[in-house]
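> A predicted structure for the sequence below; I have some questions about it.
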Amino acid sequence: METKPDLVLLQIEPRTPIPDFMLREIQSKLAYADEHIRAASVSPEGIQLQVEPGTSQPELIEKVQRIVESLAYGAIKPKVQILEDYMDRPVPSRLDPMPELIRMGEVSPESAGVFAFGPLVVRLMEFFESQFLALADSFQAAPYRFPTMIPASYLGRVNYFRAFPHSLTFATHLRSDLDVIDEFSQHAACEEGELQSPSKSFAAVKNLLSPAVCYHLYFALADKPLPQGQVIATAVGHCFRYEANNLASLERLWDFTMREVIFVGSKDFVLENRETARQRMRQTFERIGLAYRVESANDPFFIGEFRKQAAFQSAFQLKFEISARLPYKESTLAVGSYNYHQDFFGRNLNITLPDGSPAHTGCAAFGLERMAFAFLAQFGLDTSQWPAEVRQAVA
């Protein structure tokens, strides 16, 4: 890991040995150990951090050790189930598309994890959106449109604050008080990218920026019997998940777009439709020539919840991730997933089937920016190298 001149390189030997299968998870969670960490690298040999000068190292090291111990102590390697594996498909590019996208003005960084997109990337995202809409149409999914914000009371009802507190993005406003507004208007300023404002300017948080599309549908169906005992819906929306210094290129975005096809009904109804969605998308990805695999995975739970929740997801095969190959770094990027929530939302939100039992839910979800980025990583920016279908659609 190359150290930037204005940062301090800190090497830590973990008290708890880190098994190989936990390296990636621990590295991602170290971003939340301390706000003075600018980069982290985890290997079997130890941990390397780049931190700001003047950081209290003893306190930071203790936080890092707590994270490692929480995740690594007694960890059992999950059994990964692979449903599809097309990682060896030949692709024409091995270059990181990001520098050229920025040079061309196709991607304009605005802040960490927040980007504006130019015509080529937008048209590529629209192409993938059309493929996911075709999937929704194959189910005759009912179209929905949901707001960008979601009430705090909604997320509290489904235990989101305990499971994913590190990724939350809060929405607030100035207090409805003339003195507060006057003081803010006179003294607020932006310094080094941060808003400086008088204390106690902001109202209590009642809404957050939504972390997922499907949640809105479940709340729309809450506290009443499910119409006709089943629902298939589709919606697209902006989602917000903060990932600290993990926010890098188009792989990790704070503000990203998801298209989902959502299933609500009996257990068999949800599982059968989830599998049908996977089979139909396999044909789409084969036609495009995407190099990817579909494998069991877990959601990015917070440290205290990770082991318990991840083991549960793994045991019941609740999440299968679509991991696209990134040839330039011999790694993968999750571009979508096929999810089954069992009756979690049915129980917590009182969504009932005709027999009075709680409904089961699931969804097929796809990230539009990640799909476009993975495609460009595999096929490059020379459109003559693209599959004909994609080239014609973008042209």
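Received the coordinates, thanks.

> from now on I want contacts and neighbour counts done on CA atoms only, so please keep to that.
OK.

> the stretch 201-350 of the chain: helices as residue ranges?
214-220, 267-288, 303-315, 344-349 (DSSP state H, counting those that start in this stretch).

> residue 216 against residue 146, yeah?
Yes - in this structure, residue 216 is within contact of residue 146 by CA atoms under 8 Å, at 6.5 Å.

> and those two? Which one has more around it.
Neighbour totals were compared for residue 216 and residue 146, and residue 216 leads with 21 against 17 (other CA atoms under 10 Å).

> just grab the bridge partners of residue 363 for me.
residue 262, residue 339 (DSSP bridges).

> tell me what residue 142 is bridged to.
residue 233.

> burial count for it?
14.

> same check, this time on residue 264
For residue 264, using other CA under 10 Å, the count is 28.

> now do the same contact list for it.
230-232, 270, 359-362 (CA atoms under 8 Å, 6 or more residues apart in numbering).

> repeat for residue 148
209-210, 237-239.

> at 10 Å what do you get?
207-213, 216, 237-240 (CA atoms under 10 Å, 6 or more residues apart in numbering).

> residue 209 now?
With contact taken as CA under 10 Å, 6+ apart, residue 209 is in contact with 147-152, 168-171, 238-241, 255.

> can you give me the strands for the stretch 151-300 of the chain?
170-171, 189-191, 194-196, 207-209, 224-225, 231-240, 255-265, 292-296 (DSSP state E, counting those that start in this stretch).

> need the contact list for residue 260.
132-133, 135-136, 212-214, 233-237, 336-338, 362-367.

> how much space between the residue lying closest to residue 343 once chain neighbours are set aside and residue 297?
Spatially, and ignoring its direct neighbours in sequence, residue 343 is nearest to residue 360 (4.2 Å; CA to CA, 6 or more residues apart in numbering). Going from residue 360 to residue 297 by CA to CA, to the nearest Å gives 20 Å.

> residue 103 too?
Residue 103 is 35 Å from residue 297, where distance means CA to CA.

> who has more neighbours out of those two?
Per other CA under 10 Å, whichever of residue 103 and residue 297 has more neighbours is residue 297, with 24 against 10.

> buried residues in the host helix or strand of residue 121?
Counting by DSSP states H and E, the element that carries residue 121 is helix 119-138. Buried positions in helix 119-138, judged by neighbour count with 16 or more other CA atoms under 10 Å: 120-129, 132-136.

> by how many degrees do it and strand 255-265 diverge?
0 degrees (axes from the mean of the first three to the mean of the last three CA atoms, to 10 degrees).

> quick one: mean pLDDT over helix 119-138.
The average of the pLDDT scores along helix 119-138 is 98.

> export it to PDB, keeping only CA atoms.
Taking C-alpha atoms only, helix 119-138 is exported to PDB below (Å, rounded to 0.1, in the frame of the first residue of the first chain):
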ATOM      1  CA  PRO A 119     -24.000  10.600 -22.100                       C
ATOM      2  CA  LEU A 120     -22.100   7.400 -22.800                       C
ATOM      3  CA  VAL A 121     -22.400   6.100 -19.200                       C
ATOM      4  CA  VAL A 122     -26.100   7.200 -18.900                       C
ATOM      5  CA  ARG A 123     -27.000   5.400 -22.100                       C
ATOM      6  CA  LEU A 124     -25.200   2.300 -20.900                       C
ATOM      7  CA  MET A 125     -27.100   2.500 -17.600                       C
ATOM      8  CA  GLU A 126     -30.300   2.900 -19.600                       C
ATOM      9  CA  PHE A 127     -29.500  -0.200 -21.600                       C
ATOM     10  CA  PHE A 128     -29.200  -2.300 -18.500                       C
ATOM     11  CA  GLU A 129     -32.300  -0.600 -17.100                       C
ATOM     12  CA  SER A 130     -34.100  -1.800 -20.200                       C
ATOM     13  CA  GLN A 131     -33.000  -5.400 -19.500                       C
ATOM     14  CA  PHE A 132     -34.200  -5.300 -15.900                       C
ATOM     15  CA  LEU A 133     -37.500  -3.800 -17.100                       C
ATOM     16  CA  ALA A 134     -37.900  -6.600 -19.500                       C
ATOM     17  CA  LEU A 135     -37.400  -9.000 -16.600                       C
ATOM     18  CA  ALA A 136     -40.100  -7.100 -14.600                       C
ATOM     19  CA  ASP A 137     -42.400  -7.200 -17.700                       C
ATOM     20  CA  SER A 138     -42.000 -11.000 -17.900                       C
END
